[in-house]
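**Student:** could you look at this predicted model? Sequence included:
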Amino acid sequence: MASLGALKRSMALTLIMLFGLLFALIIVIWEIINYFYGPMIGFWIQIIMIFFFVGLFMLLQWAISPGVIRWSARLQYLKPGENRWLESEVQKLALQAKIPMPKLAISKNPTPNAFVFGRTRASSTLAVHTGLLEKLNKDEVRGVLAHEIGHLRHNDVVVMTIVSVIPLLAFMLARSFIWGGRGRSRDSGAILAAAAVGFIVYIVSQLLILKLSRQREFYADSYSAVATGDPHSLSSALTKITFGLSLSKEKPGAARAFYIGDPVSAKREVATLMKNKNKYDLDGDGVLDERELKKAMEDQAKSGRSRMEFMSTHPSTFKRIMLLKQIEDDMKHGSPEMKQNIYRYI
């Protein structure tokens, strides 16, 4: 399970870098203001107000976003006993993860997808598309459900909400220097330098947040593999989800980062593979079935190609499949000590 240990260390490093950037930005602003302007009470009040309004905005977002997601996804909440199999599986997975049972909801959407959202673990909702239940078998659906439970176990919604404050703060602070420094031609160089630092922190922190999002998707995949003891089923599910999303003609919603599969990334991935369709069309029927598509993705992973992944909230499907394959090999052929300690990684 060396890969899972590396993944945990990588996530920790990304978080340290994010908060380190924010700390460095505050220090730079402090030094510039004190060196060029001295104790400017009015400017410091402006900085404090920025922190206050950003905090207020995030609090408002935290309060209203569940309602917005429910409305945009057109969710229908399940009553107890309405879908006994789904309810039973989620209940078992939640108990195993030692978290409260989330509410269950269905979205009448033909694309195969699922997601979780909520302010806290106790108020969370696990939603699945009808397309997921129709196009995947029960083992594959179970793998997807475990992935979503993994997000709740790891408090991913809370973590991503907190770190999203950093680029917003950096952007607002950079703007405050530009607007607050208007008319101060004597100190224009210092003002521009402070604003540039703010915008650089904004861009870098946005990229780090995208990286953290991809890492936490990997981590939820890992949790599913270990919790179900069946990495292969989630691997198969991800192949079907990616292929199904690539065929969708719906415009992706603003909340697509919450989902197990991203339609934008799926279309890009499958389009790339289709350019070499003849290479992977093993039975010559002109169509890439699940087995052929999975082989194509494994080859893609070995080649290390991942176009524009640094701008995505989700890792490439082929990389996710390769991580699951590695976990499956470790579970089958690892030492007894490795199998005994497997849960400490998730």
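**Tutor:** That came through, no problem.

**Student:** low pLDDT regions in the stretch 51-200 of the chain?
**Tutor:** The model of the stretch 51-200 of the chain has pLDDT under 70 over residues 179-190.

**Student:** now the strands for it?
**Tutor:** 75-77, 103-107, 114-117, 125-129 (DSSP state E, counting those that start in this stretch).

**Student:** adding mean neighbour count and distance to Leu60, write these out as a markdown table.
**Tutor:** Quick note: C-beta positions are derived from backbone N, CA and C, even for glycine. Shown next, in a markdown table, are the strands of the stretch 51-200 of the chain (neighbours: other CB atoms under 10 Å; distance: least, CB to CB, whole Å):
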| stretch | mean neighbour count | distance to Leu60 |
| --- | --- | --- |
| strand 75-77 | 15 | 21 |
| strand 103-107 | 19 | 22 |
| strand 114-117 | 24 | 16 |
| strand 125-129 | 24 | 20 |
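
**Student:** and those: which comes nearest Ile209?
**Tutor:** Among the strands of the stretch 51-200 of the chain, the nearest to Ile209 by CB to CB is strand 114-117 (17.4 Å).

**Student:** and the contacts of the closest one?
**Tutor:** Identification of contacts with strand 114-117 by CB atoms under 8 Å, 6 or more residues apart in numbering yields 65-66, 69, 102, 124-129, 132, 144-145, 147-149, 151-152, 157, 255, 258-260.

**Student:** the helices in this protein, which residues?
**Tutor:** Along the chain, the stretches classed as helices by DSSP state H are 2-32, 41-72, 84-97, 130-135, 138-153, 156-163, 165-180, 188-228, 231-246, 263-274, 277-280, 290-303, 317-333, 336-340.

**Student:** before we move on, back to that, who wins for proximity to Gln206 among the strands of the stretch 51-200 of the chain?
**Tutor:** strand 114-117 (21.2 Å).

**Student:** what's stretch 201-209 in contact with?
**Tutor:** 14, 17-18, 21-22, 24-25, 160, 163-164, 166-167, 170-171, 174, 310.

**Student:** residues contacting the residue nearest the centre of the chain?
**Tutor:** In the chain, the centroid-proximal residue (CA atoms, centre = their mean) is Ser213; its distance is 3.4 Å. By CB under 8 Å, 6+ apart, the residues touching Ser213 are Met160, Ala257, Thr313, His314.

**Student:** for the last one, which non-adjacent residue is closest in space?
**Tutor:** The reference is to His314. Excluding its sequence neighbours, the residue lying closest to His314 (CB to CB, 6 or more residues apart in numbering) is Asp262, at 4.4 Å.

**Student:** so the one you found sits right up against Ser312, yeah?
**Tutor:** Yes - at 6.6 Å, Asp262 and Ser312 qualify as touching, with contact defined as CB atoms under 8 Å.

**Student:** more neighbours: the two, which one.
**Tutor:** In this view Asp262 and Ser312 are compared by other CB atoms under 10 Å, and Asp262 has more residues nearby, 24 against 21.

**Student:** with adjacent residues omitted, what lies nearest to Ser248?
**Tutor:** Leaving out its chain neighbours, the residue that sits closest to Ser248 by CB to CB, 6+ apart is Thr111, at 4.7 Å.

**Student:** and the gap between the one you found and Leu18?
**Tutor:** 32 Å (CB to CB, to the nearest Å).

**Student:** point out where the stretch 201-346 of the chain drops to low pLDDT.
**Tutor:** The model of the stretch 201-346 of the chain has pLDDT under 70 over residues 252-255, 276-278, 280-295, 297-308, 334-346.

**Student:** let's see that with 80 instead.
**Tutor:** Applying pLDDT under 80 to the stretch 201-346 of the chain flags residues 249-256, 270-310, 333-346.

**Student:** tabulate the strands of the stretch 51-200 of the chain in JSON lines, adding columns for distance to Ser88.
**Tutor:** Formatted as JSON lines, these follow (distance: least, CB to CB, whole Å):
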{"stretch": "strand 75-77", "distance to Ser88": "17"}
{"stretch": "strand 103-107", "distance to Ser88": "11"}
{"stretch": "strand 114-117", "distance to Ser88": "17"}
{"stretch": "strand 125-129", "distance to Ser88": "13"}
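
**Student:** so for Met322, which of the ones you listed sits nearest?
**Tutor:** Ranking the strands of the stretch 51-200 of the chain by distance to Met322, with CB to CB as the measure, places strand 114-117 first at 21.7 Å.

**Student:** how far does the closest one sit from its chain's centre?
**Tutor:** Relative to its parent chain, strand 114-117 has a centroid offset of 11 Å by CA atoms, centre = their mean, to the nearest Å.

**Student:** before we move on, what about stretch 211-231?
**Tutor:** Offset of stretch 211-231 from its chain centre (CA atoms, centre = their mean): 11 Å.

**Student:** buried residues in it, which are they?
**Tutor:** By 16 or more other CB atoms under 10 Å, the buried positions in stretch 211-231 come out as 211-228, 230-231.

**Student:** turn the buried ones among the contacts of strand 114-117 into a named PyMOL selection, would you?
**Tutor:** PyMOL command restricting the contacts of strand 114-117 to the buried ones, with burial defined by 16+ other CB under 10 Å:
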select buried, resi 65+66+69+102+124+125+126+127+128+129+132+144+145+147+148+149+151+152+157+258+259+260
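
**Student:** hmm, back to that, could I get the contacts of Ser213 as a markdown table with distance to Ile200 and neighbour count?
**Tutor:** Output for the contacts of Ser213, formatted as a markdown table (distance: CB to CB, whole Å; neighbours: other CB atoms under 10 Å):
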| residue | distance to Ile200 | neighbour count |
| --- | --- | --- |
| Met160 | 22 | 17 |
| Ala257 | 24 | 16 |
| Thr313 | 22 | 20 |
| His314 | 26 | 23 |
